[in-house]
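Visitor: generate a structure from the sequence data that follows.
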Amino acid sequence: MRIKKGDTVKVIAGKDKGKTGKVLKTFPKEDRVIVEKVNIVTKHMKPRGPQSPGGIEKQEAAIHVSNVMYFDTSSNKATKLGYKIEDGKKIRFKKSDGQTIK
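Guide: Model (predicted):
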């Protein structure tokens with residue numbers, strides 16, 4: 001999976017197509033990611049004591065990683081990512097201009 005936690009991504013398919021957000025969590029075994037303010041669902045929460053009274057809450061749900069694309073904030077465009085090995089280390093790079101990603 002080329003998308004990592006903390007990356008800015010753009011949604012390229014689904015009901016939230018066109019939105020951008022930060023990746024909050026990744027699930028590599030399921031090929032899914034949770035993106036900030038994308039795929040909002042309503043959850044009915046059961047009361048769990050005085051600190052959490054329960055009720056209806058909105059939260060982000062996971063979406064498939066194939067529906068998001070890395071968003072380059074410097075050029076304001078979505079770009080593909082690739083891997084290359086430099087000095088024995090695997091490094092991600094943008095295929096559009098060849099720059100490495102931290």
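
Visitor: and the strands in this protein?
Guide: 8-11, 20-27, 32-35, 40-45, 55-60, 63-64, 68-72, 77-78, 81-86, 89-94 (DSSP state E).

Visitor: distance of G55 relative to K37?
Guide: To K37, G55 is 20 Å away according to Cβ to Cβ, to the nearest Å. C-betas here are computed from N, CA, C, even on glycine.

Visitor: give me the below-cutoff pLDDT ranges for the chain.
Guide: Judged against pLDDT under 70, the chain has no low-scoring part.

Visitor: show me what V9 bridges to in the sheet.
Guide: Note on V9: beta-bridge partners by DSSP bridges are G21, Y70.

Visitor: against F71, how distant is it?
Guide: V9 is 6 Å from F71, by Cβ to Cβ.

Visitor: now do the shared contacts for those two.
Guide: The contact sets of V9 and F71 overlap at T20 (Cβ atoms under 8 Å, 6 or more residues apart in numbering).

Visitor: between the two, who's got more neighbours?
Guide: V9 (23 against 18; other Cβ atoms under 10 Å).

Visitor: tell me the contacts of the more buried one?
Guide: I3, T20, G21, K22, V23, V33, V35, V68, M69, Y70, F71.

Visitor: and the residue positioned nearest the centre of the chain, how far from S66?
Guide: Centroid-nearest residue in the chain, with Cα atoms, centre = their mean: V23, separated by 3.3 Å. Separation of V23 from S66 (Cβ to Cβ): 14 Å.

Visitor: returning to that earlier point: tell me which of the strands of the chain sits most buried.
Guide: Highest mean neighbour count of those: strand 32-35, a mean of 22 (counted as mean count of other Cβ atoms under 10 Å).

Visitor: alpha carbons of that strand, as PDB, please.
Guide: Extracted in PDB, the C-alpha atoms of strand 32-35 (Å, rounded to 0.1, in the frame of the first residue of the first chain):
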ATOM      1  CA  ARG A  32      -8.600   0.500   3.500                       C
ATOM      2  CA  VAL A  33      -8.000   4.000   4.800                       C
ATOM      3  CA  ILE A  34      -9.900   6.500   7.000                       C
ATOM      4  CA  VAL A  35      -9.700  10.000   5.600                       C
END
